[in-house]
Structure formats: structure tokens, C-alpha cells
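S.K.: Here is a sequence together with a model predicted from it:
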Amino acid sequence: MPSPLILTVCLSLLVTLVPPAVSAATPEQGRTLASADAYGVMPPRQRVEAENRVLEDRLNTLLPRLMAETGFDMWLVINREYAEDPVYFSLVPQPSFAARRTTMLVFNRLADGRVERLSVNRYPLGPPYETGWSGGELDAQWQALADLIMERDPARIGINVSEQWAVADGLTQGLAGRLSKVLPPDFGKRLQPAENLVVRWLETRVPSELAFYPHVASIARGVIAEAFSSRVITPGISTTSDVAWYIRERFESLGLRPWFMPYVNRQAPELACEQDSDFCGGSGVIQPGDVLHTDVGICYLKLCTDTQEMGYVLRAGEEDVPAGLGAALAAGNRWQDLFTREFRTGRSGNEVLAATRRAVEAEGIYGKTYTHPLGYFGHAPGPTIGMWDNQGPTPGQGDWLLYPDTAYAIEGNVKVRVPEWDGQWVQVKLEQGALFDGEQVTYLAGRQVAWHVVR
């Protein structure tokens, strides 16, 4: 079960899912009605202390456990400016914008289980790292690294090279060659791919992160609620592109970085949607009776979201969403339930997908599952659970096992025939951030169970 702290935070943050009430307005006026402070987003300067506090927590508590779990005595993260290792920024204090010149991080596991953290750099990093060497001459830097390694004499040294995981393949060919040259031959044989350690480091969330991750997800959901409303959309005038840009500019007004351009599309009776179509929807002017869909992602305090929700534009005389569309969203929620109940610690992503497909097909739901982990990347490392273009096993990344304290974008779609559309298919595409605590899946900031309505 989730801890009382996590449940309390999740429940308390549900109030942020609906932005502050505002009066009706034109799309342009709607851009300024909701205060930038309404979501409690910290300015960049204030984020530094919070992010560094989490970093120290992770280095003190998580890294020693993962190095022991993966069997590494030492882990080297070596990179250069303009070619930073993907894992680098998850390991260094803020504000950090680059690996200045050649930056070397050394993590050495001690006999008592603690991990010694050293920097071998032209410019010392300072806490939470001790300075193993600082100076200006590159050859001396490499020799200092070699001396440090030989002095500590680790049996198994992890380096970031991987055929499978891009995030664990950050050691460039040039740096790998230089490392091999400065080490004695017997030490070179101790160098082993650290991909298991890198993936476990990036996918695992610590309690200090779990306390605020629901808030990050709630911001994404709140901005979608703004966008799929009459404060932003004027039927017959607003376009799908207008709404997508509203979402992007709204995030940027909050000082938040979208990690991809928001996507908005429309479905309508006159737009064909076949059962075997991968995705249904098009662009253009939004009209009464349209079904809307958006896909958005932001990163805040280093943690990323990926969210998809659905909206409906009322026709003249309609008071609510047609019953057929209500049933379609309910089918999407049922797919979510069948899917998330298949999460088990130690199951692979491929095994979860196969079990989900059996359960969904048994209930006659036509849908697809294509879920990915969340964390320091929107498409984070961890178990792949289906692909939109492959509902069978995904070799390699689909074989990765589920671990506790990992986050996922619960992503997929269902198709349902809508009586009010003369039996035409509608595709409900859903995606919500969620935590797997080892026993059950909990949505970080709730999930969509009712249509956003544009009146």
C-alpha cells in the first residue's frame, strides 16, 4: 500500500486539478486570466535548493543500495562539454548547464556500504562531491583518474556503454579509448557496462520525489482543463493548432519546459475512423460536436509528465456529452483498470502486456496498450509495455522487470462505436502518470473519468 504521506499528498492535490474559476473570455483574454501563481510553481532560483536536496537524498540512500544490487564496486561517469552523458544531469548539483571541458565523476563503494563521491575536474563541483583532483592540464587529469582507480583497486568498474539503452550509452568512443589507455591492462579487463545500474538509478523514485511528483502531474492536468474550455476555445473559430499553442505558451508562462510540442486533434462524424486505423483524428477548425484529444508533457523539478485527455464541444441545445461518448470513456477507464491490476514486482513488461491483452479481449474491449516509464525523461528507461505499432513482445526493453517505486505513463486507447454518430467508431486516447509501489498502481494526480466539456 502507498505510504500515508503519499496518499495525503495525492488527495490534497486533487483540488489543483481544476484551475481557478474565471469568467467567459475570448481566446486571447483567456491567456492572462489564470494567475501564474495558481499552480504554486516555484521560480527557477527557488528550485535549485529543492532539486539539490533531492539529489543528496538519492546519492546518500539510493545509490549505495543500487551499486550493491548491481554488483559494482566503482562507477565512472566521464563526459565532455557538448557531449554530456544522458545520466550526468541527474547526478550533479544545480545550477549546472554543461560538463565543463572534461568532467569525471567517480563513485566508489566502501566496505561499510557507503559510496565515496569524487570529482576529477578542471573546475571542482563542490558538495555533494569531494574533489579528487582539480587543475588545468588534460593529461594530468587522466593520470589522476587512473591513480585514483588503482589506489582503490575496485574489482568491478561500471562504465556507461550499452547497445540496448541510449541513456546508458553516454561514454563516447574517444573517452572510452582514453580510459583504456591510462589504465593497466588488468584494470581494463575490470571495465563492464553499467547499464543495469544506470537504468535502476534513473527509474527509481525516492520518498522526497514522491512527495511532489503528484503536484507536477496536477499542473499538466490543470492546464489541459484550461485549454479544453470555453475560456480558450471558440467553436467555429479556434483551431486545433491554436489550442496546442495555448497549452505550450501556458506552460512557458509558468516557467515550465514542455519536452515536446503539445498535440491537439479533433474527431467528428464526417472524419472517418476505422477499427483498424492506428490513430483517428485530424486538424483544423474546431466545430460543435467535435471530440478533442491532446497529448502534453512537461518537466518540473527534474521530473517529467506525459498526459493525454479527451474533450467534447457541445452542440446547440445539448446539455451534456452524448451517452455513447460517455460509454466510450468508461470503456477507456475499464481498460486502465484491467491493465494496472496486472502490474507485479518481478514481471517483465512483455508479461504485463500479454496478461492485459487477455483480460481486455475477454471483456470484448477493443484497445491497445503502449505504456512507458516516466522520470527524468518523458520516455524514461524501464520496462516497455507494448508499442502502438507492436502489441506483441518488445525484445530487450520489454524484458526489463518491474521494480517498486517506479513511475509510468499509463498510455493506450480504446475504440467504441457511438450510436449518436450512426455507429461510427470513436477513439478514446488516454495517458496518466502513475506510481507502482511494488503492490499496486496509484495515479499521481487522479485520472480522467469525465469528459472535458466546451460549452
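M.R.: Yep, it's here. Numbering: from 1, shown residues only.

S.K.: Can you report how many residues lie near the nearest residue to Phe260 once chain neighbours are set aside?
M.R.: Excluding the flanking residues, the one nearest Phe260 by C-beta to C-beta, 6 or more residues apart in numbering is Gly297, at 5.5 Å. Using the backbone N, CA and C atoms, a C-beta is placed for each residue, glycine as well. Other residues near Gly297 come to 24 when the count uses other C-beta atoms under 10 Å.

S.K.: again with Ser230
M.R.: 17.

S.K.: Please apply the same query to the one 5 residues further on.
M.R.: For Pro235, the tally of surrounding residues (other C-beta under 10 Å) stands at 18.

S.K.: Next, the contact list for the residue nearest to Phe260, please.
M.R.: Counting by C-beta atoms under 8 Å, 6 or more residues apart in numbering, Gly297 touches 220, 258-260, 304-307, 378.

S.K.: Tabulate these in a markdown table, adding columns for secondary structure, distance to Lys181 and pLDDT.
M.R.: A markdown table is the format used below for the contacts of Gly297 (DSSP: H, G, I helix; E, B strand; the rest coil; distance: C-beta to C-beta, whole Å; pLDDT from 0 to 100):
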| residue | secondary structure | distance to Lys181 | pLDDT |
| --- | --- | --- | --- |
| Ala220 | helix | 47 | 97 |
| Pro258 | strand | 42 | 95 |
| Trp259 | coil | 37 | 96 |
| Phe260 | coil | 40 | 97 |
| Cys304 | strand | 38 | 98 |
| Thr305 | coil | 43 | 98 |
| Asp306 | coil | 42 | 98 |
| Thr307 | strand | 47 | 98 |
| Gly378 | coil | 37 | 96 |
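
S.K.: Go ahead and build a PyMOL selection from the buried members of the residues you listed.
M.R.: Listed next is the PyMOL selection for buried residues among these, using 16 or more other C-beta atoms under 10 Å:
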select buried, resi 220+258+304+305+306+307+378
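
S.K.: Tell me the one of the contacts of Gly297 nearest Arg417?
M.R.: Taking C-beta to C-beta as the measure, Arg417 lies nearest Thr307 of those, at 26.3 Å.

S.K.: ok, the closest one touching Ala225?
M.R.: No: Thr307 is beyond contact range of Ala225, at 11.0 Å (criterion: C-beta atoms under 8 Å).

S.K.: if I look at Gly382, how far off is Gln192?
M.R.: Applying C-beta to C-beta, to the nearest Å, the value for Gly382 to Gln192 is 21 Å.

S.K.: got the contact list for the closest residue to Val87 other than its chain neighbours?
M.R.: Nearest non-adjacent residue to Val87, counting by C-beta to C-beta, 6+ apart: Val198, 5.4 Å away. If you count contacts by C-beta under 8 Å, 6+ apart, Val198 has them with 87, 160, 162, 165, 167-168, 381.

S.K.: which SSE is Val198 in?
M.R.: According to DSSP states H and E, Val198 maps onto helix 195-203.

S.K.: Helix or strand next in line after that helix, which one?
M.R.: On the C-terminal side of helix 195-203, the nearest following helix or strand under DSSP H and E is helix 207-210.

S.K.: Tell me the helices and strands packed up against that next one.
M.R.: Contacts defined by 3 or more C-beta pairs under 8 Å, 6 or more residues apart in numbering; DSSP states H and E place helix 207-210 against helix 4-13, helix 44-57.

S.K.: Which of the ones you listed has the lowest mean pLDDT?
M.R.: Lowest mean pLDDT within the helices and strands packed on helix 207-210: helix 4-13, at a mean of 38.

S.K.: quick one on the thing from earlier: got the phi/psi numbers for the residue nearest to Phe260?
M.R.: When quoted as degrees, to the nearest 10, the phi and psi of Gly297 stand at phi -150, psi 130.

S.K.: Is the closest residue to Val223 other than its chain neighbours within a helix or a strand, and which one?
M.R.: Spatial nearest neighbour of Val223, excluding adjacent residues (C-beta to C-beta, 6+ apart): Arg250 at 5.1 Å. Per DSSP H and E, Arg250 falls inside helix 240-253.

S.K.: Dump that helix to CSV, restricted to CA.
M.R.: C-alpha atoms of helix 240-253 as CSV (Å, rounded to 0.1, in the frame of the first residue of the first chain):
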residue,chain,number,x,y,z
THR,A,240,-6.5,22.6,-33.1
SER,A,241,-3.2,24.5,-33.6
ASP,A,242,-4.5,27.5,-31.6
VAL,A,243,-5.2,25.2,-28.7
ALA,A,244,-1.9,23.4,-29.0
TRP,A,245,0.0,26.7,-28.9
TYR,A,246,-2.1,27.9,-26.0
ILE,A,247,-1.0,24.9,-24.0
ARG,A,248,2.6,25.4,-24.9
GLU,A,249,2.6,29.1,-24.1
ARG,A,250,0.7,28.5,-20.9
PHE,A,251,3.4,26.1,-19.6
GLU,A,252,6.1,28.5,-20.7
SER,A,253,4.3,31.4,-18.8
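
S.K.: In the stretch 101-250 of the chain, what residue spans correspond to helices?
M.R.: Counting by DSSP state H, counting those that start in this stretch, the stretch 101-250 of the chain has helices at residues 138-152, 173-182, 185-188, 195-203, 207-210, 213-227, 240-253.

S.K.: so of those helices, which one's packed in deepest?
M.R.: Each of the helices of the stretch 101-250 of the chain was scored by mean neighbour count; the highest is helix 213-227, a mean of 25, by mean count of other C-beta atoms under 10 Å.

S.K.: what residue ranges in the protein are flagged as low confidence?
M.R.: 1-37 (pLDDT under 70).

S.K.: any idea which helix is longest in it?
M.R.: Counting by DSSP state H, the longest helix found in the chain is helix 323-340.

S.K.: Buried ones in it, by neighbour count?
M.R.: Quick answer for helix 323-340 (16+ other C-beta under 10 Å): 324-325, 327-329, 331-336, 338-340.
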